[in-house]
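Colleague: coordinates only, no sequence provided:
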């Protein structure tokens, strides 16, 4: 039975050892909750670090930990103290975390920590490969394992892999500063489906893929070699019923049984309001900003002194990291200063707790607070905002939420604020404190309905359902890949038939693309390969290209194979150049100034002037800008070419204007009637080669290089695979 393998930095278990006694209890975090049903189904397993460094385990204890973890359907990845220091505390939290949250001033790029990050991702890959079987699905989670999808795909190319990033993905301008940006992106696109919390993060990721890796992106699909990678947004939810039911239970439980709740109730009444703030102690959460903004609120609206209190819970986090120590010190000082400024005998403006609370105390805090103030500077999602909404069993209360939190994209009924604007903060907080009950309930009911419907379990199911569709897509691709039996049949036919024709495109088929088209000249290996095929008995090799006659004459004029240039204007056979079509070129003087304008406005582009066509190359230009310019150029050219027997061809990073009377298909039709061929292979990569695929007989082997919509029968990955195929024909 196929299984789902969940992979995260930590296992969903709290493993502890005291006096050689092992204790394992399940975690209660958002991811552990969300993946609970997925993990429980079938024979799935969860792979991650146990939380105990290798150095703390002798062989006997290590074996016992592995056995106990296995009972929970988990497998541990062995990590050392050095691994944790360099990979997790170092690279993950000092390079990736601040950069992805736009805190570039805190980002540290250390080669040693990057090497550790690669090393640990490889350790995870090895454990996965030990446990994976054909047909299994792998779901990798978060920023600590960005290289892992490709490491798995390299060894198990047919495995279906999903990846979900639980933090923001930064804009291209931020991400491009990262020294190992290409390696990170290449690692991520080993996945078949990449998930993000919001469309903004998805958009930023795709922009970096286009501009850094220079890959083709069509809407939310990435074309990479012989694969199609899906990218989508899936806003993570919470276990809504767990929080709602806990709040209901607390509301009906006698107060005397709950000391914390009683203390909170002493400070709430009709005219006294509690404002709740809950965060990890992290610089991304904007805690000092929030405290200063609350001071501004009390100065601007003094009538709320002694009537509004901020209850601020900060959960300790990474307390040994310098930035976090500094943040804790700054927070302590700000709270002390503001309490000293405003406090009276009976009222303190800020209650500040630096600790974690139990689940029961947390629920009491939620249900006692009139307003939740969630104002991070940058946050991937923020589930606290959703938990607060779920506990409002009477549909009262107001959520004030930062626009910079991922949750804001789906919680429009909250009061959304810019966390850097004290004015915005103060005005919205006043609006929340005096909001009529009917408006509170109207907003809260909308929020609750959405969160109840799209809970964490639905999030997991939707991701896995989308991942399943990539399997079907992959099946369609594999059916057309020229591998296995398909390739064997082609080679068998080739060696048995008596009269053989090979029609080969050049750029993108026999050689890879170059920034300067003149750099793509053939090397000795290509000459040698084509010569050997041409020397075979009853075999004709034809190079058919959009290249100009002069270039091909210089490169191949001394060879015996046939040449077709300029998309079919000229043919070279029996040491003679023959013009197949009479073509006008006077139109070029009208079109060239237009292309020159686009070159001026689009850095990195240039014009290639051929004998019978003009080509605007944009391989080196910014993909985002090119996307706009190609639409503009196509619009301008379409109106000009309609009545001039011209056509606009969109090739690989090039737009070419040529006569509509010539194309590779027409030229090929003339060639195939010259002899009684019983074997034919047509190979091309470009849109212009589709004319050849259309004109080829049904029994011909038509092969597209690269994955794209095509009329060809088969598909290969790249020019290297074309070379491998031609070599097997010898």
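Modeller: Everything's here; your move. No experiment lies behind these values; they were computed from the predicted model shown.

Colleague: can you give me the pLDDT of the residue located most distally from the centre of the chain?
Modeller: Here the chain reaches farthest from its C-alpha mean at residue 345, the gap being 54.2 Å by CA atoms, centre = their mean. In this prediction, residue 345 carries a pLDDT score of 90.

Colleague: just residue 34 next, same as before
Modeller: On the pLDDT scale, residue 34 gets 73.

Colleague: ok, now which ones touch it?
Modeller: Residue 34 makes contact with 236-237, 239, 456-457, 459-460, according to CB atoms under 8 Å, 6 or more residues apart in numbering. Bear in mind the C-beta positions are built from the backbone N, C-alpha and C, glycine included.

Colleague: so which of those residues wins on neighbours?
Modeller: Neighbour tally across the contacts of residue 34 (other CB atoms under 10 Å): the maximum, 27 neighbours, falls on residue 237.

Colleague: what about it, which helix or strand?
Modeller: Under the criterion DSSP states H and E, no helix or strand holds residue 237.

Colleague: make 98 the first number, not 1, from now on.
Modeller: Noted, 98 is the first residue going forward, which turns the last one into residue 334.

Colleague: quick check, it in contact with residue 557.
Modeller: No - contact criterion CB atoms under 8 Å: residue 334 and residue 557 do not qualify, at 9.2 Å.

Colleague: who's in contact with the strand or helix carrying residue 820?
Modeller: Applying DSSP H and E as the criterion places residue 820 in helix 816-825. Helix 816-825 has contacts (CB under 8 Å, 6+ apart) with 579, 584, 587-588, 599, 601, 605-609, 623, 626-627, 630, 780, 800, 802, 813.

Colleague: give the buried residues for that helix.
Modeller: By 16 or more other CB atoms under 10 Å, the buried positions in helix 816-825 come out as 816, 818-820, 822-823.

Colleague: what ranges does the stretch 248-397 of the chain have for its helices?
Modeller: 269-272, 278-285, 296-305, 337-349, 356-362, 384-397 (DSSP state H, counting those that start in this stretch).

Colleague: nearest to residue 230, out of the ones you listed?
Modeller: For the helices of the stretch 248-397 of the chain, proximity to residue 230 was assessed by CB to CB; helix 278-285 is nearest, at 23.0 Å.

Colleague: elements contacting the closest one?
Modeller: When contacts are defined as 3 or more CB pairs under 8 Å, 6 or more residues apart in numbering; DSSP states H and E, helix 278-285 sits against helix 245-252, helix 296-305.

Colleague: cutoff 6 Å now
Modeller: Helices and strands in packing contact with helix 278-285 are not found; criterion 3 or more CB pairs under 6 Å, 6 or more residues apart in numbering; DSSP states H and E.

Colleague: buried ones in that helix?
Modeller: Those would be 280-285, for helix 278-285 by 16+ other CB under 10 Å.

Colleague: could you do stretch 175-193 as well?
Modeller: By neighbour count on 16+ other CB under 10 Å, the buried set for stretch 175-193 is 175-176, 180-181, 183-185, 187-193.

Colleague: same deal with stretch 697-710?
Modeller: So for stretch 697-710, counting by 16+ other CB under 10 Å, buried means 699, 702-703, 705, 707, 709-710.

Colleague: redo those residues as TSV? Include pLDDT, secondary structure and distance to residue 311.
Modeller: As requested, these are arranged in TSV below (pLDDT from 0 to 100; DSSP: H, G, I helix; E, B strand; the rest coil; distance: CB to CB, whole Å):
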residue	pLDDT	secondary structure	distance to residue 311
699	93	coil	16
702	93	coil	14
703	94	strand	17
705	93	strand	19
707	90	coil	24
709	89	coil	29
710	91	strand	24
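
Colleague: may I see the residues you listed arranged in CSV, with distance to residue 668 as well?
Modeller: CSV is the format used below for the buried residues of stretch 697-710 (distance: CB to CB, whole Å):
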residue, distance to residue 668
699, 35
702, 31
703, 28
705, 22
707, 16
709, 14
710, 17
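
Colleague: which among those residues gets closest to residue 322?
Modeller: Out of the buried residues of stretch 697-710, the member with the shortest distance to residue 322 (by CB to CB) is residue 702, at 25.6 Å.

Colleague: residues in contact with that closest one?
Modeller: Taking CB atoms under 6 Å, 6 or more residues apart in numbering, we find residue 702 in contact with 696, 715, 718.

Colleague: rerun that using 8 Å as the cut-off
Modeller: Residue 702 neighbours (CB under 8 Å, 6+ apart): 695-696, 713-715, 717-718, 723, 726.

Colleague: make TSV out of the contacts of residue 131 and add pLDDT and distance to residue 208.
Modeller: Shown next, in TSV, are the contacts of residue 131 (pLDDT from 0 to 100; distance: CB to CB, whole Å):
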residue	pLDDT	distance to residue 208
333	94	34
334	93	39
336	92	42
553	92	38
554	90	42
556	94	37
557	92	37
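
Colleague: just put those residues in TSV and tack on distance to residue 371.
Modeller: Listed next are the contacts of residue 131 as TSV, based on distance: CB to CB, whole Å:
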residue	distance to residue 371
333	27
334	26
336	25
553	27
554	31
556	30
557	34
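
Colleague: what's the next secondary structure element after the longest helix anywhere in the chain?
Modeller: The longest helix of the chain (DSSP state H) is helix 553-577. Going down the chain from helix 553-577, the next helix or strand is helix 581-593, by DSSP H and E.

Colleague: by how many degrees do that next one and helix 553-577 diverge?
Modeller: 10 degrees (axes from the mean of the first three to the mean of the last three CA atoms, to 10 degrees).

Colleague: okay, buried residues for helix 581-593 please.
Modeller: Buried residues in helix 581-593, defined by neighbour count with 16+ other CB under 10 Å: 583-584, 587, 590-591.

Colleague: residue 606 looks like it's in a helix, true?
Modeller: No - Residue 606 is assigned coil when assessed by DSSP: H, G, I helix; E, B strand; the rest coil, not a helix.

Colleague: next up, the contacts around it.
Modeller: By CB under 8 Å, 6+ apart, residue 606 lies in contact with 780-782, 786, 802, 816, 819.

Colleague: I'd like the mean pLDDT over stretch 756-775, please.
Modeller: pLDDT averaged over stretch 756-775 gives 89.

Colleague: list the contacts of residue 385.
Modeller: So residue 385 contacts 424, 427-428, 431 (CB under 8 Å, 6+ apart).

Colleague: er, residue 235 I mean
Modeller: For residue 235, the contact set (CB under 8 Å, 6+ apart) comprises 101-102, 104, 225, 229, 249, 256-259.

Colleague: swap in residue 738?
Modeller: So residue 738 contacts 744-745, 754, 757 (CB under 8 Å, 6+ apart).

Colleague: just the buried ones out of those, please.
Modeller: By neighbour count, with 16+ other CB under 10 Å, these hold 744-745, 754 as buried.

Colleague: out of these, who's nearest residue 198?
Modeller: residue 745 (44.0 Å).

Colleague: the closest one touches residue 757, doesn't it?
Modeller: No - contact between residue 745 and residue 757 fails when scored by CB under 8 Å: they sit 9.6 Å apart.

Colleague: hmm, back to that, now for the buried residues of stretch 697-710: which two are most distant?
Modeller: Pairwise distances across the buried residues of stretch 697-710 (CB to CB) peak at 24.2 Å, for the pair 699 and 709.

Colleague: rewinding a little: buried stuff in the longest helix of the chain?
Modeller: So, applying 16+ other CB under 10 Å, buried residues of helix 553-577: 553-554, 556-557, 559-560, 563-564, 567, 570, 577.

Colleague: by contact count, what packs against the host helix or strand of residue 686?
Modeller: Secondary structure assignment for residue 686, by DSSP H and E: helix 685-698. Using 3+ CB pairs under 8 Å, 6+ apart, the elements in contact with helix 685-698 are strand 703-706, strand 710-714, helix 720-738.

Colleague: of all these, which one comes closest to residue 150?
Modeller: Each of those has some distance to residue 150 by CB to CB; the shortest is helix 720-738, at 43.9 Å.

Colleague: what's the next secondary structure element after that closest one?
Modeller: Sequence order places strand 743-748 as the next helix or strand after helix 720-738, per DSSP H and E.
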